[in-house]
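Chemist: my questions are about this predicted structure, shown below with the sequence.
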Amino acid sequence: MNRFARFATRHAQRRASIGLVLAVLGLTAVMAAPARAEPGPAPRDFRALPEVAGRSGDVSATLVAAPKDVVVDGVTLHGYVFNGEYGGTVLRVRPGGRLKIRLVNSIDQPINLHFHGSHGSPLGRGDNVHIVVRPGERFDYVMDVPRSQPPGLYWYHTHIHGNVEELVSRGLSGPIIVEGLEDRAPELRGLKQRLLVLKTFSAAPPATGADTADSDPAVRRVHGVVQSVNGAAHADVDMAAGAKELWRISNESANDYYHLSIKGFRFRIVALDGVATARDLPVDKLDIGPGMRMELVVEAPGAGDYPLLSGATLTGLGHGMSTSRELAMVHVTGQAPAAAVAEMGPAPARPMGAPDLRQATISATRTLSFAQRPGEEVYTINGLTFDHNRVDVRVPLGAVEEWVIRNDSDDMHAFHIHQVHFQVVSINGEPQPFDRLLDVVRIPERGAVVIRIAFTDPQIVGRFMFHCHVLKHEDKGMMQMIEVYDPKRPERSAQPPPMPGMDHMSMHEGMDMKP
Ligand code: C2O
Ligand code: CU
């Protein structure tokens, strides 16, 4: 059973609306129809998250990590959250700006911070996951956001190897908006924006015999996980017919894919993992893996109520199960002007702002095999589990490399590397166009993804990580350390000397390196 079961207790007070479809041996049967029975008028508010923004693009914030019981969908999570906000506090910063974050640890485990997608330095007080902030301690991060950081949606989360799944599932994450996406995509100017932070936790199994099958359908029937948008199980969204909005969606769940759709709606992806795409990518389903971000223009059709469904599929052992739950209801009112419902028009091309690496001279090719040790809960890259005393890959600054990333298992893995975005050149041998840069990519089961990475920005010199962003796999070994070194200044990438155990790079006020 799931190890998070112990963090969540059942508390079945509220019925969630849920649509469940079971496909057993190829037969599809509708088992339960949506039945939302909320007394009185439905609350029509979309819950926005609190924000911290600074003048001139710098941000100064204190993030206090503390325990909190969070109730979502009638289920209580014994969470650990920043500033009391399970959904996350939004940090808004500009390229060239600075994130000054005081991290205060008021929980009983070590924590730290990672700025997921940052092109900033992995050294010192920056995006340095070697830092460990012990219980009762605080640490002042100073993360400089490079001018070249692509504007878009990012996130921060704690990154203590061995405990990342637990700490992220319990709530220690939040979104970062690097401002300026509208400069890359001017057609977004003036659109209403909505930020949707998706989080997931697992519910405890029911106490033996204590519950009937229908006492807690949201939890019981949808894979035992509780999903939320901005910390709430259900959101209401009001839109005018024909209106366009920019939705910015961050999947901050530890392990899970989200598959979102709204029947009758059209979506155009404008940015992935914080980077504007070369053109709008039209889709009707949003498949967002753990750690991934998607920014899209959403266009409302004619008046009506449209559920935002979160679907999932499990297959195996001769049967498949697919389920979906309603995460939000989009209430569209008014008349759509004829022009708005007409064709969306040709998508403007946007320069990628980075060279196409298919034409690059490759300095090295590496093969990485993501696998599981047979019969064990041990996940490996090239047969090895993570060791913070071992540097697995050394890359000279300036190199452009090709990495062949294989999934030699039947499980889902999602490759992520810190400090850079990469270009996907093929998936299972199929060449990919240069229309996006990513920082997380799914590696198909028993398949391979070929990526190219430019290690050319002097900012990224140092030791940082790549790993599976299914955090339970990362915790159980599926991570390696890379060192980008400057051949002219080899000492620059050096980290403080390793010490045994969790303290290997602990930095706390007192043994300090004041900026
Ligand atoms: Cu979002 Cu190393 O992770
Ligand atoms: Cu994995």
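Modeler: Structure received. Ligands and ions are numbered 1, 2, ... in the order given.

Chemist: the residue of the stretch 101-250 of the chain found nearest ligand 2: neighbour count?
Modeler: Per C-beta to the ion, Glu165 is where the stretch 101-250 of the chain lies closest to ligand 2, at 11.1 Å. (Glycine included, C-beta is placed from N, CA and C.) Per other C-beta atoms under 10 Å, the neighbour tally for Glu165 reads 19.

Chemist: how about stretch 164-182: buried residues?
Modeler: 164-178, 180-182 (16 or more other C-beta atoms under 10 Å).

Chemist: quick one: contacts for the residue of the stretch 151-300 of the chain found nearest ligand 1?
Modeler: Relative to ligand 1, the nearest point of the stretch 151-300 of the chain is Gly291 (4.8 Å; C-beta to the nearest ligand atom). Going by C-beta atoms under 8 Å, 6 or more residues apart in numbering, Gly291 touches 116, 155, 251-252, 414, 416, 439-440, 469.

Chemist: how far away is it from Ala53?
Modeler: According to C-beta to C-beta, to the nearest Å, Gly291 stands 24 Å off from Ala53.

Chemist: picking that back up, what about the buried residues of stretch 164-182, which are in helices?
Modeler: In helices, defined here by DSSP state H, the members of those are 164-169, 181-182.

Chemist: any chance of those in a markdown table, plus pLDDT?
Modeler: Shown next, in a markdown table, are those (pLDDT from 0 to 100):
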| residue | pLDDT |
| --- | --- |
| Val164 | 97 |
| Glu165 | 96 |
| Glu166 | 96 |
| Leu167 | 97 |
| Val168 | 97 |
| Ser169 | 96 |
| Leu181 | 96 |
| Glu182 | 93 |
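
Chemist: restrict the residues you listed to those near ligand 1?
Modeler: By C-beta under 6 Å from any ligand atom, no member of these lies near ligand 1.

Chemist: just flag the most distant two among these.
Modeler: Using C-beta to C-beta, these span at most 37.3 Å, a distance reached by Glu166 and Glu182.

Chemist: strands of the stretch 201-350 of the chain, residue ranges please.
Modeler: 225-229, 235-240, 244-251, 258-262, 266-272, 275-283, 286-288, 293-299, 304-316, 319-333 (DSSP state E, counting those that start in this stretch).

Chemist: the third one packs against which elements?
Modeler: Looking back up the chat, that one is strand 244-251. Where contact means 3 or more C-beta pairs under 8 Å, 6 or more residues apart in numbering; DSSP states H and E, strand 244-251 is packed against strand 152-157, strand 173-178, strand 192-202, strand 286-288, strand 293-299.

Chemist: for it, which strands pair with it and how are they oriented?
Modeler: strand 192-202 (parallel), strand 293-299 (antiparallel) (DSSP bridges).

Chemist: export the first one to CSV, keeping only CA atoms.
Modeler: The C-alpha atoms that make up strand 192-202 are tabulated as CSV, following Å, rounded to 0.1, in the frame of the first residue of the first chain:
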residue,chain,number,x,y,z
LYS,A,192,-7.3,37.4,-18.2
GLN,A,193,-4.8,35.0,-16.6
ARG,A,194,-5.6,32.1,-14.3
LEU,A,195,-2.9,30.2,-12.4
LEU,A,196,-3.9,26.6,-11.6
VAL,A,197,-1.6,24.7,-9.3
LEU,A,198,-2.4,21.0,-9.3
LYS,A,199,-1.4,18.9,-6.3
THR,A,200,-2.1,15.4,-5.2
PHE,A,201,-2.0,13.4,-2.1
SER,A,202,-2.9,9.8,-1.2
